[in-house]
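Trainee: sequence? don't have it. structure:
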């Protein structure tokens, strides 16, 4: 006793990507049985042509599926390349940010030193120079 879910899952597995492979295979088997049991040569030829037609449909479907599969593989490779490029760009951006932080720290240090030098220079300007003091 199969549950409805199991039956549906089995049919989907057999049917591949839903291209009707299951139906085609059943049709091929029925045509083969009719061909085996055909009475007249005309009926046998008709069933034979039907089998060839069904086979060519199956081959076409398989070829299409393979093309889609190859395309998906190429797309995956493409996405992996894009992903690596993005990762590299992020790493480069982090490096640049780190470098900019260093430059900012250095600029702050230089500014602080200049302010201290300016303050010292103002203090020094208030006192007479050595020549004046010696006089």
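Mentor: Yep, that arrived. If you're wondering where the values come from, they're calculated on a predicted model, not measured in any experiment.
Trainee: packing partners for whichever strand or helix holds residue 66?
Mentor: Applying DSSP states H and E as the criterion places residue 66 in helix 41-126. Packing partners of helix 41-126 (3 or more CB pairs under 8 Å, 6 or more residues apart in numbering; DSSP states H and E): helix 21-36. No exception for glycine: its C-beta is placed from N, CA and C like everyone else's.
Trainee: what about the helix it packs on, average pLDDT?
Mentor: Average pLDDT, helix 21-36: 83.
Trainee: what pLDDT is listed against the residue most central in space within the chain?
Mentor: A centroid search over the chain (CA atoms, centre = their mean) returns residue 79, at 3.4 Å, as the residue closest to the centre. The score at residue 79 is 97. That number is its pLDDT.
Trainee: between the helix holding residue 66 and helix 21-36, how big is the angle?
Mentor: 160 degrees (axes from the mean of the first three to the mean of the last three CA atoms, to 10 degrees).
Trainee: that older thread, residue contacts, the residue nearest to the centre of the chain?
Mentor: Contact criterion CB atoms under 8 Å, 6 or more residues apart in numbering gives no residues in contact with residue 79.
Trainee: how close does it get to residue 88?
Mentor: Residue 79 sits 15 Å away from residue 88, taking CB to CB, to the nearest Å as the criterion.
Trainee: now the next helix or strand after the helix holding residue 66: buried residues?
Mentor: Later in the chain than helix 41-126, the nearest helix or strand by DSSP H and E is helix 130-134. In terms of neighbour count (16 or more other CB atoms under 10 Å), helix 130-134 has no buried residues at all.
Trainee: what's next to helix 130-134, contact-wise?
Mentor: Contacts for helix 130-134 (CB under 8 Å, 6+ apart): none.
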